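Visitor: Provided below are the primary sequence and the corresponding predicted coordinates.
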Amino acid sequence: MFQGGVGSKFNERELALSLDTTIAFPENAVTKKNIFINIVNPLDTEVLVNISAPHIATFTPKEELVPPYDVIVIELDTADFQITGTGKSGKGILIQSNVSDLIISGLSFAWNSADMYIARKASQLGTEYIIITHCDRSRVCQFTVIADEDNAFIEIIFPHYFATSIVLDGKEFGPDDEMTLTLQKSQTFQIQSTSDLSGVKIRSTNEKLFSVLSGSSLTSVRVGDGRDYMADMVPPIAAWGCEYLLVRRNLLQYGHDHIKFLASASGANISIIGCGPVLYHQILEYQTYLFNMTCERVHVISDEPVLIAHFPVGVNHGDPAMFFPTPINHYVSKYTVYIPPGFGYCAITLVMETLHVNTFNLSKVTDLFSPWKEIEQSLYSTSLVDNLKSGVLEMTHTSPFGGHVICEMDWAIMALTIGLGNVTLKGTQEYTSSTAIAESSTIQGDDEAFRDTSSTEPFATTTGNTASSDVATFTSKYVTTDASVSTYTAVSKNDVHDATTEGYITSKETTSTLQQLASSTSSIRDVKGSSSTAGDVTLTETHSNTNEPLLHCSCCKTPSYSDSNLPSPEKLFEIINDIKKTLTVPKKTTSNYVRKLTSAWDERTSSTVIGGVGIVVLCVVFGSIVAIDIITLFQKQR
């Protein structure tokens, strides 16, 4: 499959494929957009990759070398690769390598629209999905199925509450209808609709792996707000989780973020902690629940695995983005994230167990970090890594953590999770129990990782416990392009400055070390260009703990209420019903009802006096009237 190319070190016989990923680009309805494939190498050795499009004859397969701790950016022809309308196409892009650690993402970018998603590796794909989309005011919802194997028999089932119908090849599909099709490897199938496609079930009847992208070609999430393109890769049902941590920016002009929940065949009872009294909600099978998140941070616990979509909005313009948060039990201790150029503001929200934040103390470093804030009634805290520049950012710690990225410019916003975590799916993917079919990996690279290639200022330092030599490290270097390369620029050469900083934070219990070496250039290129890398990243780490704990949900059937001793939702409902029965009094036994029917004797003196005075007054009045009438009668008789 691999074609010989510049700098090739391997031939087809020597290459044993470890990475075999297919991505695609759903329709972005704005004009003048560009689409890019970002390939990040988190390792200290260069990696060979092959990019091909088997079903597009005009595309010549390319072979590229990704430098260590670096990224290559490949620009594609939008007309050739953007998927439009409803139907089948061959516009999938195949990315292969002998190293599985590479992190692949797809970016659709325009001056007024953007979104980026992380592509799932074959080991993270499934055979059964249920999707979440959102479209408002007659805008277009869409999802795209991407086959990862040949002869994938795909079955698409529309929910009973589907509000419209889809016409394909002269046949109409509506609520509860099933659509079947066959896809070959890297072929795609897209459905577009002006109605919400949330709840659509997609599965492979012959257990062939595939992926699904969902979102909207252009939409707003609230009336009067801006519109934007949204896309993210849907987690398969087997990768759903029971616990999530959600964080929103506290924007004064926007009172809440939309959070959409989706339950599978077993339904779910969810508890939302951290926003005042615990909120309970029951989601029926294959139903969605829209939650307006007004608090900055919440902890979601469910008795069954659920899928969650988060819709943050941009500052001032209100354009929406969409991403699927990573469940807590899939958090890892190392991430690598690529922050693309062209955005005026980028930030990363971090979430981790409060117990470990004193060894990851971001508040004592620079104003790039906000202090850790604990989620109310939860064991987890959040922090914001602010004002990040473009590049590859790596972050490590000895304890698992998670988070998401938000980048903005004047008229666009993008959001995505910082990594997919330790998800490795195996066996049949049809979801039949409450336990996610996932396993953690200790192999470098199976942890989605992250390293910085950006700032000219000293980046961040975190603290590590001296007893266990825990060290949280940030390293950074610059990304730039050669003037002859036909792609967008991450950092111009004129803006690149050499800098070396070394910082130390010391406290009673913690010590941390940061070393940052800013290199002169690194590579961003399109498929036609080649470039070289100068400069390395120095990563200082005193100890690596191979037995790091993972925050697995111990039992999805029984929610964990952290430091609260609240009963389960089912038990709570039972208690409430018992209290209602105990406190309920039959209406006919109430004193108010009885007194309406009878007159009771009152033996009080005051009551007797008042009654007597009343009788005297009535007798005097009526007696006077009668006396006057009698006198008048006698006068007339005379």
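Guide: The structure has been received and is ready for your questions.

Visitor: list the buried residues of stretch 161-170.
Guide: Neighbour counts over stretch 161-170 (16 or more other C-beta atoms under 10 Å) mark Phe162, Ile166 as buried. (Glycine included, C-beta is placed from N, CA and C.)

Visitor: just the CA trace of it, in CSV.
Guide: Taking C-alpha atoms only, stretch 161-170 is exported to CSV below (Å, rounded to 0.1, in the frame of the first residue of the first chain):
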residue,chain,number,x,y,z
TYR,A,161,-39.8,10.2,17.1
PHE,A,162,-37.9,11.1,13.9
ALA,A,163,-39.8,14.2,12.7
THR,A,164,-39.4,13.9,8.9
SER,A,165,-38.2,11.4,6.3
ILE,A,166,-35.2,10.7,4.1
VAL,A,167,-35.4,10.0,0.4
LEU,A,168,-32.7,7.8,-1.0
ASP,A,169,-32.8,6.2,-4.5
GLY,A,170,-36.5,7.0,-4.8
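
Visitor: and it, average pLDDT?
Guide: For stretch 161-170, mean pLDDT rounds to 92.

Visitor: gap between it and the chain center?
Guide: 28 Å (C-alpha atoms, centre = their mean, to the nearest Å).

Visitor: just stretch 36-51 next, same as before
Guide: Centroid separation for stretch 36-51 versus its chain: 25 Å, with C-alpha atoms, centre = their mean.

Visitor: got the end-to-end distance for that stretch?
Guide: 12 Å (C-alpha to C-alpha, to the nearest Å).

Visitor: bridged to Thr188, which residues?
Guide: Thr188 has these beta-bridge partners by DSSP bridges: Ser89, Ile146.

Visitor: again with Tyr117
Guide: Residues in beta-bridge contact with Tyr117 (DSSP bridges): Gly106.

Visitor: what's the pLDDT at it?
Guide: 97.

Visitor: Thr180 sits in which helix or strand?
Guide: Using DSSP states H and E, Thr180 falls within strand 178-183.

Visitor: who does that strand pair up with?
Guide: Sheet pairing for strand 178-183, using DSSP bridges, gives strand 152-157 (antiparallel).

Visitor: now the strand ranked longest in the chain: how far from the chain's centre is it?
Guide: For the chain, the strand reaching the highest residue count under DSSP state E is reported as strand 391-409. Relative to its chain's centre, strand 391-409 lies at 14 Å (C-alpha atoms, centre = their mean).

Visitor: which stretches of this protein have low pLDDT?
Guide: Along the chain, segments meeting pLDDT under 70 span 1-17, 223-224, 252-253, 361-367, 426-566, 595, 597-601, 638.

Visitor: okay, now the domains of it?
Guide: The chain breaks down by automatic domain parsing into domains covering 19-429+437-517, 590-638.

Visitor: show me the contacts for Ile166.
Guide: Thr86, Phe158, Glu172, Phe173, Gly174, Met179, Ile191, Ser193 (C-beta atoms under 8 Å, 6 or more residues apart in numbering).

Visitor: ok, and the most crowded of the residues you listed?
Guide: Ile191 (24 neighbours; other C-beta atoms under 10 Å).

Visitor: leaving out sequence neighbours, find the closest residue to that one.
Guide: Thr86 (5.2 Å; C-beta to C-beta, 6 or more residues apart in numbering).

Visitor: the one you found is in contact with Gln190, isn't it?
Guide: Yes: if you go by C-beta atoms under 8 Å, Thr86 and Gln190 touch, sitting 6.2 Å apart.

Visitor: measure stretch 211-229 end to end?
Guide: 19 Å.

Visitor: and if you look at stretch 326-337?
Guide: For stretch 326-337, the end-to-end distance is 14 Å (C-alpha to C-alpha).

Visitor: again with stretch 232-251
Guide: 24 Å.

Visitor: now it: buried residues?
Guide: Under 16+ other C-beta under 10 Å, the buried positions of stretch 232-251 are 232-248.

Visitor: for the longest strand of the chain, name the packing helices and strands.
Guide: Packed against strand 391-409 by the contact rule (3 or more C-beta pairs under 8 Å, 6 or more residues apart in numbering; DSSP states H and E) you find strand 70-76, strand 241-247, strand 332-339, strand 345-353, strand 412-417, strand 473-475.

Visitor: one more time with 6 Å, if that's ok
Guide: strand 332-339, strand 345-353, strand 412-417 (3 or more C-beta pairs under 6 Å, 6 or more residues apart in numbering; DSSP states H and E).

Visitor: could you dump it to CSV, C-alpha only?
Guide: C-alpha atoms of strand 391-409 as CSV (Å, rounded to 0.1, in the frame of the first residue of the first chain):
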residue,chain,number,x,y,z
GLY,A,391,1.7,24.2,18.2
VAL,A,392,1.9,20.7,19.8
LEU,A,393,1.3,20.7,23.5
GLU,A,394,2.3,17.7,25.7
MET,A,395,1.1,17.4,29.3
THR,A,396,1.9,14.6,31.7
HIS,A,397,1.2,13.8,35.3
THR,A,398,1.3,10.7,37.5
SER,A,399,-2.5,10.7,38.0
PRO,A,400,-5.2,10.5,35.3
PHE,A,401,-6.9,13.7,34.2
GLY,A,402,-9.0,15.0,31.3
GLY,A,403,-10.3,18.1,29.6
HIS,A,404,-11.1,19.8,26.4
VAL,A,405,-9.8,22.5,24.0
ILE,A,406,-11.6,25.7,22.9
CYS,A,407,-10.2,28.0,20.2
GLU,A,408,-11.8,31.1,18.9
MET,A,409,-11.4,33.9,16.4
